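1. give me a 3D structure for the following:
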Amino acid sequence: MVRGQKMWESLILSAVVLRLLLLTNELGITWTRTLWCSVDLMILITAMEILVLLLFLMRALAILVGMTNNWQGKPRATRRSSMRVKLHPKRSEQILKDRWKVTCNLSEDESTTQILFEASTLSMDLHLRHKS
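-> Predicted structure coming up:
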């Protein structure tokens with residue numbers, strides 16, 4: 001963005017400087033004739049002004065296309081929000097109940113690590129549910 005902005009500023013500044021050189025030449029100050037012929041200077045200035053105008057139009061078109069891509073007014077999904085799956089509150093409540101049943105109905109031959117894993121999963125779900 002900054003790089004493009006610097007290019008714009010330098011193009012506009014050089015077009016203005018060349019236009020001032022042409023104006024001083026038209027006013028009778030002849031020192032610009034040592035740099036360029038008057039016709040060549042006019043062609044160069046006109047070409048630069050056309051280039052600046054085309055760049056401006058391309059930038060305006062890019063902004064317009066960027067606005068029309070989001071014509072519904074919905075915010076664009078960020079990486080974080082697009083990865084998260086939002087469940088209906090009733091559905092998430094059912095998932096919590098099912099996990100609690102699994103944790104409570106473990107037989108005695110199940111390993112302790114499985115019980116700890118289920119309990120940690122349940123507490124994480126409760127924590128996330130409480131935050132949202």
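2. what residues are up against the closest residue to residue 49 other than its chain neighbours?
-> Computed as Cβ to Cβ, 6 or more residues apart in numbering, the closest residue to residue 49 that is not its neighbour in sequence is residue 15, at 5.5 Å. C-beta coordinates here come from the backbone N, C-alpha and C atoms, glycine included. When contacts are counted by Cβ atoms under 8 Å, 6 or more residues apart in numbering, residue 15 touches 45, 48-49, 52.
3. can you tell me which of those residues are in helices?
-> Cross-referencing these against helices under DSSP state H gives 45, 48-49, 52.
4. looking at those residues, spot the one nearest residue 7.
-> Set against residue 7, the nearest of those by Cβ to Cβ is residue 52 (10.2 Å).
5. from residue 15, how far off is that closest one?
-> 6 Å (Cβ to Cβ, to the nearest Å).
6. most neighbours, which of the ones in helices among the contacts of residue 15?
-> residue 45 (20 neighbours; other Cβ atoms under 10 Å).
7. any idea of the pLDDT on that one?
-> Note for residue 45: predicted pLDDT of 70.
8. was I right about it contacting residue 16?
-> No. At 9.5 Å, residue 45 does not count as touching residue 16 under the criterion of Cβ atoms under 8 Å.
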